[in-house]
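[1] Okay, here's the prediction I keep looking at, along with the sequence it came from:
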Amino acid sequence: MMLISRCTCSRRSFAARLWGLFALCLAIACAPAPSAAYESLRATSTIYIDSFGAGNNAAAVRKRVVERLEKSGSIRVVDKADGADTVLHGKVVIWVTGTISNNPHSNSSRQEMYQGYLSVELADSTNRALWSYLATPGRFRTANIVDDLADQVAGRLERELKGDVPAASMPAASTRGVQVALQAGGATFPAPLYMKWFETFGQTTGGFQISYDAIGSEAGIARLRDGKLDFAASDIRETGGNQLDATYFPTVVGGVVPIYNLPDAGHALNLTSQLLADIYGGTIRNWNDPRIRLWNSGAHLPDADITVVHRSDGSGTTYAWTSYLALGSPEWKTKVGEGARVEWPVGTGAEGNEGLAETVAKTPNSIGYVEMTYAIQHRLNYAAVRNPAGRFIKADLASIADAAAKAHGAGGDFRVSLLDSPDKDAYPISTFTWILVPKTGSDEQKRAAIAGFLKWMLGTGQKQCSALGYVPLPHEVVAQELQAVDALK
């Protein structure tokens, strides 16, 4: 089971995925009682560990996870999925990023450097998600990558099994027996997760079909304003006088990462907001620039021009990226500014996160910015970024979660910035992504249907996001959002 799937974000590819005009009847007035295993992970006594893919690495990671869980004694690992309380599905991918030498005068001492991920999802006997996670190489890894990824997942699962997990919300019915179909569109940032959500939700009792066109945040907002969408997805925190009259519902937390194509760099790069602003502003044009070398003494930086890649479409990812550069560089704030579109001083454009990631992947000595999931999907290196506490943090689920830990909406306004969180372990380019629901104009049945999906998203949906590299919402935000959802009906 592949939990990180390729998501093509062009209009043509998403149009091919449009479902029928009519949905399943919303026939239930309330959710059925969840099973014991679904209600709480603490009720789990047996687990089956599914294959993590083909090859020696997958087998070795699975073996290590089994050994860790059996040693913990917190759960019994069984040999068959039939009859097990839960099943852990997953996929491991490991690749060579380059080589490094402890002795620059000897090729015989060169060692291969590895990158990779382990994506897992724990499901109950009815295949409903209970928990998920995405492990990437640890910040202070001492073990080999196989053991590192396996130990992270086993450790996280052990801790999860010891704590109560609330029952996930099921979709509430809008109007009994009414057929409904919703059209949504917008941000490419959360598109891989939204496509999974909409597919899963459509197959759920009481669910219905939602079509999604990943056209970028700016275009999504424009279509919603023109009445062509039932709701939009955006990473843009519109706060000015021209803002849309809509309620912003955060869905998950993600991180925008600087990706680069330097096969022989050896070490992962360290970058600061000022360095990134100077690179994207055209002040720094060569990888071997002393200002980059200052923070990367162990890396091999080529004497080569930097190929800068940026988004060509109106993008919420660009909004987060340029807002971050403006925070760290007064010059960038004055000359370029922040927004979904800016006048780029240098570089070449690419459409969508997918297009930008592919451009960097095929262009040596290039740099770009995408959501973390796209970097992982395309096997691209991404840099650690210096946060306000002075620490270089490489984005992962934990550091992105730290950035959102204390976030909450004031007075029902959830347009909160997570950039440059003061938490010492927080990744500095973290952001909410939002679903925008118009406050007026929608018919009563569609508003009830949207409310039903949002309730499902805040329950079951949150358990699916970590496997794809997104962080679930803080509990306080979920509680506040549920109140706002009730106001939609």
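    Okay, I see it.
[2] Okay, now the unreliable bits of the stretch 51-200 of the chain?
    Across the stretch 51-200 of the chain, the ranges flagged by pLDDT under 70 are 98-111, 139-143, 164-179.
[3] Can you show me the helices along it?
    Ranges of helices within the stretch 51-200 of the chain are 56-72, 145-162, 191-202, based on DSSP state H, counting those that start in this stretch.
[4] Tell me the helix or strand right after the shortest one.
    Spelled out, it's helix 191-202. Following helix 191-202 in sequence order, the next helix or strand is strand 210-213 (DSSP states H and E).
[5] which residues in the stretch 351-489 of the chain form strands?
    Remark: strands assigned in the stretch 351-489 of the chain by DSSP state E, counting those that start in this stretch are 366-371, 381-382, 384-386, 392-393, 430-438.
[6] a markdown table for those, including distance to residue 289 and mean neighbour count?
    Quick note: C-beta positions are derived from backbone N, CA and C, even for glycine. What follows is those, written out as a markdown table (distance: least, C-beta to C-beta, whole Å; neighbours: other C-beta atoms under 10 Å):
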| stretch | distance to residue 289 | mean neighbour count |
| --- | --- | --- |
| strand 366-371 | 12 | 28 |
| strand 381-382 | 18 | 24 |
| strand 384-386 | 17 | 23 |
| strand 392-393 | 18 | 22 |
| strand 430-438 | 27 | 25 |
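[7] Minimum distance to residue 408: which of those strands has it?
    Ranking the strands of the stretch 351-489 of the chain by distance to residue 408, with C-beta to C-beta as the measure, places strand 430-438 first at 11.2 Å.
[8] which helices and strands does that closest one pack with?
    Applying 3 or more C-beta pairs under 8 Å, 6 or more residues apart in numbering; DSSP states H and E, one finds that strand 430-438 contacts helix 217-225, strand 231-234, strand 246-260, helix 397-404, helix 444-458.
[9] Next up, the contacts around residue 322.
    332, 336-339, 342 (C-beta atoms under 8 Å, 6 or more residues apart in numbering).
[10] Check whether it sits in a helix, strand or coil.
    Taken by DSSP: H, G, I helix; E, B strand; the rest coil, the conformation at residue 322 corresponds to helix.
[11] In stretch 148-163, which residues are buried?
    By neighbour count on 16 or more other C-beta atoms under 10 Å, the buried set for stretch 148-163 is 148-154, 156-158, 160-161.
[12] The contacts of residue 322 in helices, which ones?
    Of the contacts of residue 322, the ones assigned to helices by DSSP state H are residue 332.
[13] Buried ones among the contacts of residue 322?
    332, 336, 338-339, 342.
[14] want to throw those into CSV with distance to residue 53?
    Below are the buried ones among the contacts of residue 322 laid out as CSV (distance: C-beta to C-beta, whole Å):
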residue, distance to residue 53
332, 42
336, 43
338, 41
339, 41
342, 40
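[15] With respect to residue 379, which of these is nearest?
    When the buried ones among the contacts of residue 322 are ranked by distance to residue 379 (C-beta to C-beta), residue 342 comes first, at 28.6 Å.
[16] my guess is that closest one meets residue 315, correct?
    No. The pair residue 342 / residue 315 is not scored as a contact, 10.2 Å apart, by C-beta atoms under 8 Å.
[17] now for the contacts of residue 322, which pair is the farthest apart?
    332 and 339 (12.1 Å).
[18] and residue 363, how far is that from residue 440?
    Separation of residue 363 from residue 440 (C-beta to C-beta, to the nearest Å): 46 Å.
[19] Out of those two, name the residue with the larger neighbour count.
    Set residue 363 next to residue 440 and count neighbours by other C-beta atoms under 10 Å: residue 363 wins out with 15 against 6.
[20] Which residue is the nearest non-sequential neighbour of that one?
    residue 307 (5.4 Å; C-beta to C-beta, 6 or more residues apart in numbering).
[21] What's opposite that neighbour in the beta bridge?
    Residue 307 has these beta-bridge partners by DSSP bridges: residue 366.
[22] related to what we said a few turns ago, want to throw the buried residues of stretch 148-163 into CSV with distance to residue 222?
    Listed next are the buried residues of stretch 148-163 as CSV, based on distance: C-beta to C-beta, whole Å:
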residue, distance to residue 222
148, 44
149, 41
150, 46
151, 47
152, 41
153, 41
154, 46
156, 40
157, 43
158, 47
160, 41
161, 46
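[23] Residue 131: what's it in contact with?
    41, 121-122, 157, 160, 165, 463, 466.
[24] most centrally placed residue in this protein?
    For the chain, the residue nearest the mean C-alpha position is residue 470 (3.0 Å; C-alpha atoms, centre = their mean).
[25] list the contacts for the closest residue to it other than its chain neighbours?
    Closest residue to residue 470 apart from its sequence neighbours, by C-beta to C-beta, 6+ apart: residue 252 at 4.1 Å. With contact set as C-beta under 8 Å, 6+ apart, residue 252 has these partners: 190, 193, 432-433, 462, 465, 470-473.
[26] returning to what we had before: columns pLDDT on top of the contacts of residue 322, output as TSV?
    Formatted as TSV, the contacts of residue 322 follow (pLDDT from 0 to 100):
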residue	pLDDT
332	98
336	97
337	96
338	95
339	94
342	96
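[27] what about the residue nearest to residue 332 when sequence neighbours are not counted, how many neighbours?
    Spatial nearest neighbour of residue 332, chain neighbours left out: residue 277 (4.2 Å); criterion: C-beta to C-beta, 6+ apart. Residue 277 has 24 neighbours, counted by other C-beta under 10 Å.
[28] ok so, going back, so how far is residue 347 from the residue nearest to residue 363?
    Look at residue 307 and residue 347: by C-beta to C-beta, they are 8 Å apart.
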